[in-house]
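Visitor: For reference, the sequence and a predicted model appear below.
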Amino acid sequence: MSTQTPLGAGTTVDTPVRRGGSDYARLSKEIKHAGLMRRRPFYYGVRMALVASAFAGGWLAFVAVGDSWWTLAVAAFLALVFGQIALVTHDVGHRQVFRRTPVSALIGRLAGNLGIGMGYGWWQDKHSRHHANPNHEELDPDVAPDILVWSQAQARAASGLPRLIGKAQAYLFFPLLALEGFNLHVAGVRALADRSLKQRRLEGTLLAAHFLLYFGALFVMLSPGKAMVFVVVHQCLFGLYLGAIFAPNHKGMPTFTGNDRPDFLRRQVLTSRNVRGSWFTDVVLGGLNYQIEHHLFPSMPSPNLRKAQLLVHRYCDELGVAYLQTSLIASYGQALKSLHQASRPLRQPIHLTR
């Protein structure tokens, strides 16, 4: 049998479907047999020590440079470090690092809330829903029509700011990513009003401590003007870095609506895109360049994803499941092209009828 999977702006592709959910079970068994689900404590110990050292070194450099415009170079460096902390927090949240959930939650909140001012509980809830139903327009918060629209159906229903921005969203996409750092902070603070948020008091205390230390350091060491410019440079580059990491993963890939929900393996593979590259790509993108493997096995330690990719790609070829892998630049091009196609209804002239 086959099912039609929607591709971006209204196109579909026929993909084979096997009933019973055994396709993923067989792949999972092969992955576990290869030892790729085992924890990597030494790797994460070294990685977390290097990131922590870079974080401390960045703030020491900030103090050493003092009230000088050279501090903006420190802001750029700390933007990269904040991005790396976010990637470590991501792995911790997926229990790739620690086996026990309470330990993962504690380290995640220390790194996320206190370290970079990101609400860990808010992010974990949002990210879990994304993993369960990637690119599903009603179930995945990452493709909900907020400022941008991700399909022509969303474009037709858009109003207000999304309708205004949507007309040129492909051109505005990367500039808007520069605001993502600010968005993470605001969303984390707003989530504190939700009484269902776990450890709400702890999350609020850690966020308050982050902002107090962050702005306190800036306005003690820098003049008000330099402090404000530091914030803009640091947070915009941080947001742009995060966006550049996540944009290639799903943007421009098939989207689902309503009851369109293939089995787990196809739901994850068909909506994800891998990015080819060397070990340097793995470091810069934090292993998320193996997005297909990460979505199939979220708790797999990121250094194992490169080895898993060989097994998963071969298995998908055997099943006849489309497996997309491209360069980083090509992935951005595909994402922007999809955004432009999705916004087409917003650029069409309105015909008035009597």
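Guide: On my side now, so go ahead.
Visitor: Kindly indicate whether residue 153 is helix, strand or coil.
Guide: At residue 153 the chain is in helix, as set by DSSP: H, G, I helix; E, B strand; the rest coil.
Visitor: close enough to count as contact, it and residue 256?
Guide: No - using CB atoms under 8 Å as the test, residue 153 is too far from residue 256 to be in contact (11.8 Å). In short, each C-beta sits where N, CA and C put it, glycine included.
Visitor: Give me the common contacts of the two.
Guide: residue 137 (CB atoms under 8 Å, 6 or more residues apart in numbering).
Visitor: Those two - which one has more neighbours?
Guide: residue 256 (22 against 17; other CB atoms under 10 Å).
Visitor: How about that one: what's its closest non-neighbour residue?
Guide: Of all residues not flanking residue 256 in the chain, residue 136 sits nearest, at 4.4 Å (CB to CB, 6 or more residues apart in numbering).
Visitor: How about the contacts made by that neighbour?
Guide: 143, 255, 256, 257, 260, 261.
Visitor: Quick check: pLDDT value at the second one.
Guide: Meaning residue 255. pLDDT recorded at residue 255 is 91.
Visitor: The spatially most central residue of the chain is in what secondary structure piece?
Guide: Compute the mean C-alpha point of the chain, and by CA atoms, centre = their mean the closest residue is residue 246, 4.1 Å away. In the assignment (DSSP states H and E), residue 246 maps to helix 224-250.
Visitor: which secondary structure elements does that helix contact?
Guide: Applying 3 or more CB pairs under 8 Å, 6 or more residues apart in numbering; DSSP states H and E, one finds that helix 224-250 contacts helix 71-93, helix 169-177, helix 180-190, helix 200-221, helix 291-296, helix 328-342.
Visitor: Please, where are all the helices along the stretch 1-150 of the chain?
Guide: For the stretch 1-150 of the chain, the helices defined by DSSP state H, counting those that start in this stretch occupy 22-33, 41-65, 71-93, 101-109, 120-132.
Visitor: In TSV, list those helices along with mean pLDDT.
Guide: TSV is the format used below for those (pLDDT from 0 to 100):
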stretch	mean pLDDT
helix 22-33	95
helix 41-65	98
helix 71-93	98
helix 101-109	96
helix 120-132	96
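Visitor: Out of those helices, which one sits most buried?
Guide: helix 71-93 (a mean of 21; mean count of other CB atoms under 10 Å).
Visitor: Which residue, other than its chain neighbours, is closest to the residue nearest to the centre of the chain?
Guide: residue 288 (7.2 Å).
Visitor: okay, that neighbour: pLDDT?
Guide: Taking residue 288 on its own, its pLDDT is 97.
Visitor: hang on, it packs against residue 247?
Guide: No - counting by CB under 8 Å, residue 288 stays clear of residue 247, with 10.6 Å between them.
Visitor: about what we covered before: and of the contacts of residue 136, the nearest to residue 44?
Guide: Comparing the contacts of residue 136 against residue 44 with CB to CB places residue 143 closest, at 30.5 Å.
Visitor: and the closest one, how far is that from residue 240?
Guide: Distance of residue 143 to residue 240, given as CB to CB, to the nearest Å: 20 Å.
Visitor: Please say which of the two ends up with more neighbours.
Guide: residue 143 (25 against 20).
Visitor: Tell me who's in contact with that one.
Guide: Residue 143 neighbours (CB under 8 Å, 6+ apart): 135, 136, 137, 150, 250, 255.
Visitor: show me the contacts for the closest residue to the third one other than its chain neighbours.
Guide: I take that to be residue 137. Once flanking residues are discounted, residue 137 sits nearest to residue 257: 5.0 Å by CB to CB, 6+ apart. Going by CB under 8 Å, 6+ apart, residue 257 touches 6, 136, 137, 138, 151, 153.
Visitor: And residue 323, by the same measure?
Guide: Neighbours of residue 323 in contact, by CB under 8 Å, 6+ apart: 269, 274, 292, 312, 313, 316, 317.
Visitor: That one: which element?
Guide: Residue 323 belongs to no helix or strand, assigned by DSSP H and E.
Visitor: Quick check: it vs residue 271, distance?
Guide: 12 Å.
Visitor: Tell me where the stretch 251-354 of the chain is predicted with low confidence.
Guide: 350-354 (pLDDT under 70).
Visitor: try 50 this time
Guide: Along the stretch 251-354 of the chain, the model assigns pLDDT under 50 to residues 352-354.
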